[in-house]
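Visitor: Would you be able to build a 3D model of this:
(one chain, ligands or ions: 1)
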Amino acid sequence: MSDKPLILTDPNTDRSVELPVIRGSEGEPTIDIKAVPSKLGYFTYDPGYAATASCTSSITFIDGNRGILRYRGFPIEQLAEKSTFPEVAYLLLHGELPSRSQYDEFLDDITYHTMVPEKLNTFISGFHYDAHPMAMMAGVVGSLAAFYHDRLDMSDPAQRMLAAKRMIAKMPTIAAACYRHHMGWPTAYPPNALNYTERFLHMMFSVPAEVYEVNPVAARAFDLLFILHADHEQNASTSTVRLVGSTGANPYACVAAGISALWGPAHGGANEAVLNMLEAIGDVSQVPTYIDRAKDKDDPFRLMGFGHRVYKNYDPRASIIRTAAHEVLAELGARDPLMDLAMELERIALEDDYFVDKRLYPNVDFYSGIIYKAMGIPKSMFTVMFAIARTVGWVSQWLEQADHPTRIGRPRQVYSGPAERDYIDIGQR
Ligand code: SDX
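Guide: Take a look at the predicted model:
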């Protein structure tokens, strides 16, 4: 049974408009407000889009109150336990888990697009050695359009899918090249005999003079982290990709915009900010001081890795990553006092009324840096790890929008500037 439309009446004019109710496949009710400007002469106001559904999508479902995250209907907990990142990439791109032959073909598609044009390495060498890798990634990924200009007919579904697969394949290669430039190491080329995460680790850490053995613990941990970070509905960076895509811009430009949005510390940059915060706190004895700062409206300090626009319960990814952090540290025979500090910080915060009342829980970024650090990834590369994984979500969402073209995204505003006034010559000012 479909819902009755809502009736919105303007008491100033007695004009009314019927607003249809749309229900998603999980029954979430949404009001279609498209008719409000033409029927009632009003815009709607929703800064930060907290109350706004920008599109329909069949890729990822989140229930913030119940702490649910599903990719194409599959619970993240099952995918984390049983799947692989390339298989999740196929699922997000195509909507179904692949058969064995489909999976093998997909792996080949990705494997044989891992190389980047050699001139791209020249581009990367032009950065100063201490350039932040996210700044490099945004520039380098955007420049891919300059190398693939012959295959940018975005009206061709085959070229759209090729561009999507190229980015999934090349992001690890570009990320590793940015890291190696920073370290002053020679370029490492993708060893196609290895799987996706093994190949990435080899490109990151191998040195020409030695045979590099991939640590299976690290490879599996990266596979898990990439699965958990692959997509997350209409978050800030994915919404950026969609908005840029709605103009007809090429997918490399869209993903480059997504990388820039992800870099912000309120978004994907939080994983690097969490480690900086833990290092600044330094010792469990300082936790109460920082908790008080986080609660102080006059202090800009936020508890990084805590809170979420959608999750008002525990982020299901944070639970999985916290368990994985313990396992990785144990398997690597490593101890990290920051892990103990993070857990104590979480314990104290979740006993504090401020965080309980505002329903602020650890999010995906709170524990991930502990694992990256244990595997030798420098802090400046943490958000790059997030970008590698989220490229799958970005290109899947971009494809979904491109396959079902929408109007160009163009929000309005509430104007707060001066009323009309005449120009004044500089001599009279
Ligand atoms: C990601 O959207 C996604 O799906 C993102 C993501 C993904 O996979 O794509 O999940 C990845 O970006 C995770 C979030 C990583 N960011 C951080 O950990 C940074 C710290 N968190 C906050 O900046 C904040 O919680 C946000 C940005 C995550 C959410 O911001 P909202 O939804 O706009 O919430 P808000 O800022 O309006 O906070 C509501 C209240 C405020 O207090 P009041 O004005 O109501 O008094 O909670 C407070 C905030 O001051 N608050 C915090 C806090 N987060 C929110 N207070 C202290 N520490 C915090 N971390």
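Visitor: Strands along this protein, start to end?
Guide: Applying DSSP state E to the chain gives strands spanning 6-10, 15-19, 21-23, 29-31, 60-63, 68-71, 74-75.
Visitor: Which pLDDT does the model give the closest residue to the ligand within the stretch 301-429 of the chain?
Guide: For the stretch 301-429 of the chain and the ligand, the shortest gap (Cβ to the nearest ligand atom) falls at G307, measuring 2.3 Å. Yep, even glycine has a C-beta here, placed from its N, CA and C like the rest. pLDDT, G307: 96.
Visitor: related to what we said a few turns ago, I'd like the strands of the chain written out as a markdown table, with distance to E344, mean pLDDT and mean neighbour count added.
Guide: A markdown table is the format used below for these (distance: least, Cβ to Cβ, whole Å; pLDDT from 0 to 100; neighbours: other Cβ atoms under 10 Å):
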| stretch | distance to E344 | mean pLDDT | mean neighbour count |
| --- | --- | --- | --- |
| strand 6-10 | 48 | 97 | 13 |
| strand 15-19 | 49 | 97 | 14 |
| strand 21-23 | 43 | 96 | 13 |
| strand 29-31 | 41 | 97 | 14 |
| strand 60-63 | 29 | 98 | 19 |
| strand 68-71 | 26 | 98 | 21 |
| strand 74-75 | 30 | 98 | 16 |
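Visitor: Looking at those, which is nearest to S83?
Guide: For S83, the closest of these is strand 74-75, at 8.0 Å, according to Cβ to Cβ.
Visitor: check contacts around P29.
Guide: If you count contacts by Cβ atoms under 8 Å, 6 or more residues apart in numbering, P29 has them with 3, 21-23.
Visitor: separation between it and L19?
Guide: Using Cβ to Cβ, to the nearest Å, we find P29 at a distance of 11 Å from L19.
Visitor: Please apply the same query to L341.
Guide: 50 Å.
Visitor: cool, A89 as well?
Guide: A89 is 38 Å from L19, by Cβ to Cβ.
Visitor: same question, A342
Guide: For A342, the distance to L19 - Cβ to Cβ - is 45 Å.
Visitor: cool, R242 as well?
Guide: Per Cβ to Cβ, R242 is found 24 Å from L19.
Visitor: what's the answer for L162, then?
Guide: 41 Å.
Visitor: shaky segments in the stretch 301-429 of the chain?
Guide: Within the stretch 301-429 of the chain, the set of residues satisfying pLDDT under 70 is empty.
Visitor: Point out the residues in it that sit beside the ligand.
Guide: Contact residues (Cβ under 6 Å from any ligand atom) of the stretch 301-429 of the chain with the ligand: 302-310, 358, 360, 363-365.
Visitor: Make a markdown table from those and add neighbour count to it.
Guide: Compiled in a markdown table, those are given as follows (neighbours: other Cβ atoms under 10 Å):
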| residue | neighbour count |
| --- | --- |
| R302 | 16 |
| L303 | 21 |
| M304 | 23 |
| G305 | 26 |
| F306 | 24 |
| G307 | 20 |
| H308 | 21 |
| R309 | 13 |
| V310 | 18 |
| K358 | 13 |
| L360 | 20 |
| N363 | 24 |
| V364 | 24 |
| D365 | 29 |
